[in-house]
Every structure is written in structure tokens, then in C-alpha cells.
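In: sequence and computational prediction follow.
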Amino acid sequence: MANYTIDGRRVTELRNAYKLNVANFALACGCTATTIYRMEKKGLISERGLEDLIKIFGTTRMWVLKKEGAMLPNGKLDLKIDEVNEKWPSRNNPHIYVTDLTSG
């Protein structure tokens with residue numbers, strides 16, 4: 001599986017577009033906050049991590065890798081975590097809604 005070096009600010013920009021803190025962004029991705037830290041601060045992302053960002057948040061491969069094109073070409077997704085679990089059951093996401101993560 002491939003690993004990439006990216007400008008981690010793009011992951012931060014994507015996370016901020018959804019108004020999620022690192023812990024909740026990690027929750028939505030089905031990974032740890034440490035993984036998100038590696039993406040944002042060190043610019044390290046695996047193929048699986050890249051695919052998760054694309055599937056879960058609606059960004060594109062070229063935007064994450066090279067900042068080419070729009071961050072969210074189809075607009076911000078209103079994707080519920082339950083739907084993520086149904087589409088990609090290999091991810092160990094809790095059954096909560098993304099909208100719940102942004103409140104309180």
C-alpha cells in the first residue's frame with residue numbers, strides 16, 4: 001500500500017470545513033487522533049487514509065495530493081456516520097451522527 005507526503009494544511013482545511021476538532025475528525029475517519037496528527041503536522045498519509053478522506057468527506061485525490069481543483073467539488077457532504085459504517089463496514093466507526101460531533 002502506498003504512502004504519500006502531502007501539505008498537511010489541506011487535511012486541516014478539510015477538517016475545518018466540517019467544523020470538527022481532531023478527535024471528532026478521527027472518529028469520523030475511523031482512525032486515531034495520532035493518525036490525523038501525522039497527516040496534518042507531518043504530512044504523512046497512507047493510501048487507505050487518502051481513500052477514506054475522499055469517500056467520507058467528498059474531497060478529491062488531486063486536491064489532497066496537489067491542491068488541484070476544488071476541495072469539495074460537490075459541496076460539503078451531510079454524511080452520517082451510520083451511513084459510513086454501512087458503505088465501508090471495515091471501518092470501526094461508532095454509530096453517531098457527524099452533526100452531533102459539531103455541537104456542544
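Out: Thanks, I have the structure now.
In: my read: Gly49 touches Cys29, true?
Out: Yes: in this structure, Gly49 is within contact of Cys29 by Cβ atoms under 8 Å, at 7.4 Å. For glycine as for every other residue, the C-beta is placed from the backbone atoms N, C-alpha and C.
In: shared neighbours, these two?
Out: Thr35 (Cβ atoms under 8 Å, 6 or more residues apart in numbering).
In: can you tell me which helix in the protein is longest?
Out: The single longest helix within the chain, with elements called by DSSP state H, is helix 47-57.
In: could you pull out the strands for this structure?
Out: Counting by DSSP state E, one finds strands in the chain at the ranges 3-5, 44-46.
In: kindly export stretch 20-33 (C-alpha atoms) in CSV.
Out: Provided in CSV are the C-alpha atoms of stretch 20-33 (Å, rounded to 0.1, in the frame of the first residue of the first chain):
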residue,chain,number,x,y,z
LEU,A,20,-14.6,19.1,13.5
ASN,A,21,-11.9,19.0,16.1
VAL,A,22,-9.1,16.5,15.6
ALA,A,23,-10.7,13.9,17.9
ASN,A,24,-14.0,14.0,16.1
PHE,A,25,-12.5,14.1,12.7
ALA,A,26,-10.5,11.0,13.6
LEU,A,27,-13.8,9.4,14.9
ALA,A,28,-15.5,10.1,11.5
CYS,A,29,-12.5,8.6,9.7
GLY,A,30,-12.4,5.6,11.9
CYS,A,31,-8.8,6.2,12.9
THR,A,32,-6.9,7.7,15.9
ALA,A,33,-6.2,11.4,16.6
